[in-house]
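**Student:** need a structure here:
(2 chains)
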Amino acid sequence: DARVTQTPRHKVTEMGQEVTMRCQPILGHNTVFWYRQTMMQGLELLAYFRNRAPLDDSGMPKDRFSAEMPDATLATLKIQPSEPRDSAVYFCASGLGTTSGANVLTFGAGSRLTVL
Amino acid sequence: AQSVTQLDSHVSVSEGTPVLLRCNYSSSYSPSLFWYVQHPNKGLQLLLKYTSAATLVKGINGFEAEFKKSETSFHLTKPSAHMSDAAEYFCVGPSGSSNTGKLIFGQGTTLQVKP
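**Tutor:** Down below sits the predicted model:
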């Protein structure tokens, strides 16, 4: 089965360090989503790309977070500098977006980030 | 703004009894709606999707959901709960005033299944 691959699966780092999470979407999918899951906030949408172009990153703290798609096979989410409140599970999902908006997402296994 | 609202944060049922997990949406157009399930310490799995083809949607593991435009609801049901159904369930739908494909999650409903 085709799958979305996220790395790293687990990351423990110290406050102030840079963290980069990577996502390989399913080949042929044209949309990529980044979500963050915490106990308090549930699943929050951080950023959304279609055809590698960022369509919405309003859910992302702009001062420290950045999301990019250098090419169609790679999406990255970077935090610099990281803070303890960034500790969460970060999910990447890809899908085949259409003009009608129907967008079944396949999720990666997530990257569990702990910032000490 | 568009949103999906899950009406119950926690639902507890006995094994073998029906399951009802409620989701309401707000939308100015006919939305695409989804239910995902997350088992403890696991990823997110698609249960079913509504994309305007049929109002009653059947998914995996015996789940189904009915899109009711008049009630702006997309409730998830299952006739008979199994212990393995214990998990977190998320209703997912569009966000924004136009149909951009942006998808957001409801707050989630924890389903507990008692023996």
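**Student:** Spell out, range by range, the strands that occur in chain B.
**Tutor:** Secondary structure of chain B (DSSP state E): strands at B:3-6, B:10-14, B:19-21, B:23-26, B:33-38, B:44-50, B:56-58, B:64-68, B:73-78, B:87-94, B:103-105, B:109-114.
**Student:** Give the rounded mean pLDDT of the fifth one.
**Tutor:** Computed over strand B:33-38, the mean pLDDT rounds to 95.
**Student:** And for stretch A:108-116?
**Tutor:** Summarised as a single mean, pLDDT over stretch A:108-116 is 97.
**Student:** What residues of it count as buried?
**Tutor:** Neighbour counts over stretch A:108-116 (16 or more other CB atoms under 10 Å in any protein chain shown) mark A:108-113, A:115 as buried. Placement of C-beta: from N, CA and C, glycine included.
**Student:** same check, this time on stretch A:61-75
**Tutor:** A:65-67, A:69, A:75.
**Student:** Let me have the strands of chain B in TSV, adding distance to chain A and mean neighbour count as columns.
**Tutor:** Shown next, in TSV, are the strands of chain B (distance: least, CB to the nearest CB, whole Å; neighbours: other CB atoms under 10 Å in any protein chain shown):
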stretch	distance to chain A	mean neighbour count
strand B:3-6	10	18
strand B:10-14	13	14
strand B:19-21	15	19
strand B:23-26	13	20
strand B:33-38	7	24
strand B:44-50	4	19
strand B:56-58	12	13
strand B:64-68	13	18
strand B:73-78	14	21
strand B:87-94	6	24
strand B:103-105	4	24
strand B:109-114	11	17
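**Student:** Nearest to residue A:46, out of these?
**Tutor:** Set against residue A:46 and scored by CB to CB, the strands of chain B come closest in strand B:103-105, at 11.2 Å.
**Student:** tell me which strands and helices that closest one is in contact with?
**Tutor:** strand A:42-50, strand B:3-6, strand B:87-94 (3 or more CB pairs under 8 Å, 6 or more residues apart in numbering or on different chains; DSSP states H and E).
**Student:** As CSV, the ones you listed with distance to residue B:65 would be great.
**Tutor:** Compiled in CSV, the helices and strands packed on strand B:103-105 are given as follows (distance: least, CB to CB, whole Å):
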stretch, distance to residue B:65
strand A:42-50, 19
strand B:3-6, 12
strand B:87-94, 9
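**Student:** Of these, which is nearest residue A:79?
**Tutor:** Closest to residue A:79 of the helices and strands packed on strand B:103-105 is strand A:42-50 (CB to CB; 10.4 Å).
**Student:** in that closest one, what's buried?
**Tutor:** Applying 16+ other CB under 10 Å to strand A:42-50 flags A:42-43, A:45-50 as buried.
**Student:** What is the very next helix or strand once past it packed up against?
**Tutor:** Using DSSP states H and E, the helix or strand that follows strand A:42-50 in sequence is strand A:53-56. Using 3+ CB pairs under 8 Å, 6+ apart, the elements in contact with strand A:53-56 are strand A:42-50.
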